[in-house]
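In: from the sequence below, what's the structure:
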Amino acid sequence: MDTGIQIALCIKLEGKRMAKESYIIAGGNSVSDIDLSQLEGSDVIAINKAILDVPFAKYFITMDYSFLKKTDKISQKLNKMSCTKFFIANYVPNYIKDVKGAVVDTRWNLVYDLKLFDVILKSRKIEGFGYSWNDFRTGNNSGYCAIQLAILLGYDKINLVGFDFIAEEQTHYHGGYNESLQNFRPKLDTYYETLRDSLLDLKKEESELKIYNCSKISKLKDLLPYKTL
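Out: Residues are numbered from 1 along each chain as shown. Have a look, this model is predicted:
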């Protein structure tokens, strides 16, 4: 599905940011200490399994197709939710191809079943942040994608909840991914470095945009101002 077909569902950014605030819920362990129900009525973007804890979210986003297979009955639950659902198709790996209009992982001849999603965005870049829907950047993880989405939706205040980049005892507050800490920690380091560099560049380009860290333990605490919910 081409970006242009579905983009009418989104708010187009036209040089001026909305005076509006969003909350992005990631999977860091700090979320365990937060009462997410207090965000009901706010503009919430939920990443991956966090959607189960904020069913009132306005947006859901993932770039991890395997997540839909790993998490028990997540597709059925998502299908009943009214949020706008975004899938980010990451075309940076050369094994992801367009085949007869479908997104295909050619390693396994796996055709992505994306009927669940309202908006499918194709991305071919990792670092930095794009300023058009055709220049969506991924940072190679869904959390980064959620920040890119909030920027394109025009929010002038973005609150990052659970962006810890630290995993002491488990990989995510909600569990369920069956990945060892030994394998996950190097990924976190890479995700953090990419986001850090991109946020530093963003500060130079977007003076009106304010991004806050809502995690007491986050590695972002020296880069972004801390804010409680």
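
In: grab the most central residue of this protein for me.
Out: Nearest to the geometric centre of the chain sits A146, at 2.8 Å (Cα atoms, centre = their mean).

In: what helices and strands are in contact with the host helix or strand of that one?
Out: A146 is located in helix 142-152, with elements delineated by DSSP states H and E. Applying 3 or more Cβ pairs under 8 Å, 6 or more residues apart in numbering; DSSP states H and E, we find helix 142-152 packed against strand 18-25, strand 43-47, strand 59-62, strand 84-90, strand 155-161, helix 181-205. (Each C-beta comes from the backbone N, C-alpha and C, glycine too.)

In: 7 Å - rerun?
Out: strand 18-25, strand 43-47, strand 59-62, helix 181-205 (3 or more Cβ pairs under 7 Å, 6 or more residues apart in numbering; DSSP states H and E).

In: go through the ones you listed and pick out the most buried.
Out: strand 43-47 (a mean of 27; mean count of other Cβ atoms under 10 Å).

In: partners of that strand in the sheet?
Out: strand 18-25 (parallel), strand 59-62 (parallel) (DSSP bridges).

In: which residues does the nearest residue to C145 once chain neighbours are set aside bridge with?
Out: Computed as Cβ to Cβ, 6 or more residues apart in numbering, the closest residue to C145 that is not its neighbour in sequence is I88, at 4.8 Å. Beta-bridge pairing for I88 (DSSP bridges): L121.

In: quick one: neighbours of I88, just the number.
Out: Using other Cβ atoms under 10 Å, I88 has 25 other residues around it.

In: doesn't N140 make contact with it?
Out: No. Using Cβ atoms under 7 Å, I88 is not in contact with N140; the gap is 10.7 Å.

In: quick revisit: now do the helix holding A146: distance to the chain's middle.
Out: Offset of helix 142-152 from its chain centre (Cα atoms, centre = their mean, to the nearest Å): 5 Å.

In: residues in contact with that helix?
Out: 13, 22, 24, 26, 45, 47-48, 59, 61-64, 86, 88, 129-130, 133, 136-138, 158, 163, 191, 194-195 (Cβ atoms under 7 Å, 6 or more residues apart in numbering).
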